[in-house]
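K.L.:
Pasting a predicted model and its sequence here:
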Amino acid sequence: MTLKDTLVPSFAQMLGALSTWLAKAEQHFEPAQAAEILQARLAPDMFPLFTQVCFACVQAQEAMARLNGQDFPEAIAALRGEGVDAGAKPWTIADAQARIADTIAIVEAAADGLADVADDMPIAHALPMGMIFDFTAAQYARDWAIPQFYFHVMTAYAILRAQGAPLGKIDYVGHLLPYLRPGTMPGGR
């Protein structure tokens, strides 16, 4: 299995799910409450929902750029900045949806470049505080990109659930339904 086979569907499917969760929340809540939910957080020292959306998008975009051997475009820094400063302006669910749609397009556009990336290609991953991790491409994808991405996606899910959005397990695993054997759904569907 290539990095393309692993990362592109994971990023695209879960960003699509995140978009669906936000749409369900927007339909469920009154408009003012839907806007406020973007500032909701699970704990006082955690980032709010809008930041979780931005950071999930940053993780996917950074992985695609890094594994394609490209410098990060300025748009990634801007997206990270929006996430860090989520309380600086009133964001909307439409803003969050736009970040997700842009990221899905970036992931899909960069997908073909991953087809020939060697699993053992060296990746130096530097964090803003000066720490540097030395990975292979496969290690970076498995041990950094995917876990970091899912952390932010699942934190967004948890915030939405904690705020009363009508989400359940099926919303998380909806991408699996095409693989469901006919006649095995509870209730005979």
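P.N.:
Perfect, I can see it now.

K.L.:
helix or strand for residue 166, which one?
P.N.:
For residue 166, there is no enclosing helix or strand under DSSP states H and E.

K.L.:
tally of neighbours for the nearest residue to it once chain neighbours are set aside?
P.N.:
Closest residue to residue 166 apart from its sequence neighbours, by CB to CB, 6 or more residues apart in numbering: residue 28 at 5.4 Å. C-beta: built from backbone N, CA, C; applies to glycine. Number of residues near residue 28 (other CB atoms under 10 Å) recorded here: 16.

K.L.:
Which residues are in contact with residue 28?
P.N.:
164-166 (CB atoms under 8 Å, 6 or more residues apart in numbering).

K.L.:
for the lowest-mean-pLDDT helix or strand in the chain, which positions count as buried?
P.N.:
The weakest-scoring helix or strand in the chain, judged by mean pLDDT, DSSP states H and E, is helix 31-36 (a mean of 88). Of the residues in helix 31-36, 34-35 count as buried by neighbour count, 16 or more other CB atoms under 10 Å.

K.L.:
contacting residues around it?
P.N.:
25-26, 90-93.
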